[in-house]
Each structure stands twice: as structure tokens, then as C-alpha cells.
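Chemist: this one's structure only:
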């Protein structure tokens with residue numbers, strides 16, 4: 001699976017942004033998808049995940065209620081809707097695919113996109 005993230009940009013404090021991750025290959029529906037982010041000088045961290053069918057989701061505590069992950073298997077695309085954004089959300093956001101549900105460790109994800117940069121100005 002090849003992943004291509006897009007939708008990053010500059011947004012003001014309190015604003016919204018939607019990221020997309022397009023996947024190539026016929027097996028997209030077989031994978032659980034996740035979003036991660038890496039802020040300058042920090043380690044990459046888990047943001048959200050969605051199961052193969054899209055029926056289950058999981059969020060990092062700091063994103064609950066503000067971010068929404070969704071998956072469209074017909075379009076081979078996973079989305080991350082980010083609302084009420086804060087300057088601390090500034091990071092490069094990565095999408096990733098895993099054959100295992102419910103994991104947050106980077107090592108459990110098999111495929112990674114190239115990242116899209118998000119900047120939240122105060």
C-alpha cells in the first residue's frame with residue numbers, strides 16, 4: 001500500500017482543517033488506518049485510528065472531541081477532520097496502515113505516507 005497525505009497548511013488558533021490520505025492498491029479495505037504527528041523537536045505520536053470497516057475509532061486523549069477520523073473504502077481515502085485547533089497541534093501529520101487493530105505504537109504500522117505539514121498560528 002502506498003499512502004499520500006495532503007491537506008496541510010496554515011490555520012489560525014480555533015480554526016479547522018481536514019487532512020486526506022489517499023491509498024493505492026486494492027487492499028486498502030483490509031487495513032486499519034492511523035494518523036500520527038510529529039512536532040518540531042519531539043517524537044512522533046499517535047493521533048487517531050480507524051478500523052478496516054470504519055466502524056471503530058480510537059483517539060489520543062488530547063484529540064478527543066476535537067478531531068474526527070473517517071475512512072472511505074470506495075475512494076481508498078482516510079480523513080482527519082481537525083476542529084478547535086490549537087498552536088500545540090502544529091506538526092507534520094502522517095497517515096499509516098496497520099494489519100492490527102487497536103495499536104498505537106509506530107512499530108505496529110506497516111506502511112507510512114510522506115507527511116503533510118500543519119501550522120496553527122496564535
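Modeler: Thanks, I have it. Owing to the predicted nature of the structure, the values given are computational and were not obtained by experimental measurement.

Chemist: name the residues linked to the residue nearest the centre of the chain by a beta bridge.
Modeler: Central residue of the chain (CA atoms, centre = their mean): residue 35, 2.4 Å from the mean position. Residue 35 forms beta bridges with residue 48, residue 95, as assigned by DSSP bridges.

Chemist: report the separation between it and residue 53.
Modeler: As judged by CB to CB, to the nearest Å, residue 35 and residue 53 stand 17 Å apart. Any C-beta I mention is one placed from the backbone N, CA and C, and that applies to glycine too.

Chemist: now swap in residue 6 and tell me
Modeler: 24 Å.

Chemist: cool, residue 23 as well?
Modeler: Taken as CB to CB, the span from residue 23 to residue 53 is 15 Å.

Chemist: these two - which one has more neighbours?
Modeler: It is residue 23, of residue 23 and residue 53, that has more neighbours when counted by other CB atoms under 10 Å, with 24 against 10.

Chemist: ok, now how distant is the more buried one from residue 29?
Modeler: 10 Å.

Chemist: in this structure the residue nearest to the centre of the chain contacts residue 80, no?
Modeler: Yes - in this structure residue 35 lies within contact range of residue 80 using CB atoms under 8 Å: 4.8 Å.

Chemist: residues shared between the contacts of these two?
Modeler: 19, 21, 47, 48, 69, 93, 95 (CB atoms under 8 Å, 6 or more residues apart in numbering).

Chemist: nearest to residue 62 among these?
Modeler: Checking the shared contacts of residue 35 and residue 80 against residue 62 with CB to CB, the nearest one is residue 47 at 9.0 Å.
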